[in-house]
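Participant: Sequence and predicted model, in that order:
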Amino acid sequence: MTMRAELEVGIARLRAEIAGLHSELTRYELVVWTGGNISGRVVGADLFVIKPSGVSYEDLAPENMILCDLEGAVVPGTPGAARAPSVDTAAHAYVYRTMPEVGGVAHTHSPYAVAWATLGEPIPCVTTTMVAEFGGEIPVGPLARIGDDSIGRGIVDTLAGHRSPAVLMQSHGPFTIGPDARTAVKTAVLVEDAARVAHLARQLGEPRELSPDATSPITTKKSYTTSRKETQ
Ligand SMILES: O=C(CO)[C@@H](O)[C@H](O)COP(=O)(O)O
């Protein structure tokens, strides 16, 4: 197979994967209406695939996923190119440009995480799952403009000082990153679980915060958070 043909096969697979992963956002009730978006980097090219803007989840399909370059421009003449890409395309593009290790980005409006985002308070690290999956608290990024690369800058700047693969953008919601799109989506599910548990614990009293160092036996797993730390 020629390199060109291999690339076409890879893009076709990624279109199917990204379209399918959006059903996880509705399955786990992380979004309402057409909110939220997922993208995935094309292996071997400066391109990524993202959902179209404002399209119902049940209508998302491989052929209406949109292929973009790393500036967030739609690749003309490709399937789906007639539609506008997600309003968060510039944010995803900024993350791919500045974090070469990232292969997938997800954004949801999951309610417990959004509630923490409105407080501007990080989700405290109160469970061993959070230590393993986030390496500590889930931080809060700035209140950022929607539609340009402001959100992307906020994601990258905030995560630079953290092991977490997730950030709560102030008064907006969670954005997650991963080595691939599926991992970014899994992290989005875990963010909502962490936000819900931290909220419930706060209703019962003052939960004990865990430091990753104090619980070192459970951080021996080579999670994405620990490998993120090693690459910083
Ligand atoms: O919160 C936002 C805007 O940042 C998004 O989640 C939108 O609600 C979904 O927009 P599209 O991806 O459909 O353009």
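Facilitator: Noted; the coordinates are in hand. Predicted model, so just to flag it, every value in this text is computed and none were measured.
Participant: so where does Leu200 fall, helix or strand?
Facilitator: Assigned by DSSP states H and E, Leu200 belongs to helix 181-204.
Participant: and that helix, what does it pack onto?
Facilitator: Counting contacts by 3 or more C-beta pairs under 8 Å, 6 or more residues apart in numbering; DSSP states H and E, helix 181-204 packs against helix 3-27, strand 37-41, strand 104-107, helix 111-119, helix 128-134, strand 166-169, strand 173-178. Placement of C-beta: from N, CA and C, glycine included.
Participant: how much does that helix deviate in direction from helix 111-119?
Facilitator: Following axes from the mean of the first three to the mean of the last three C-alpha atoms, to 10 degrees, one obtains 70 degrees for the angle between helix 181-204 and helix 111-119.
Participant: Save the helices and strands packed on helix 181-204 as TSV, and put in distance to Thr78, mean pLDDT and mean neighbour count too.
Facilitator: Converted to TSV, the helices and strands packed on helix 181-204 look like this (distance: least, C-beta to C-beta, whole Å; pLDDT from 0 to 100; neighbours: other C-beta atoms under 10 Å):
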stretch	distance to Thr78	mean pLDDT	mean neighbour count
helix 3-27	8	97	16
strand 37-41	15	98	28
strand 104-107	20	98	29
helix 111-119	33	98	19
helix 128-134	35	96	21
strand 166-169	29	98	26
strand 173-178	24	98	27
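Participant: So which of the ones you listed is nearest the ligand?
Facilitator: Among the helices and strands packed on helix 181-204, strand 37-41 comes nearest to the ligand, with 3.7 Å by C-beta to the nearest ligand atom.
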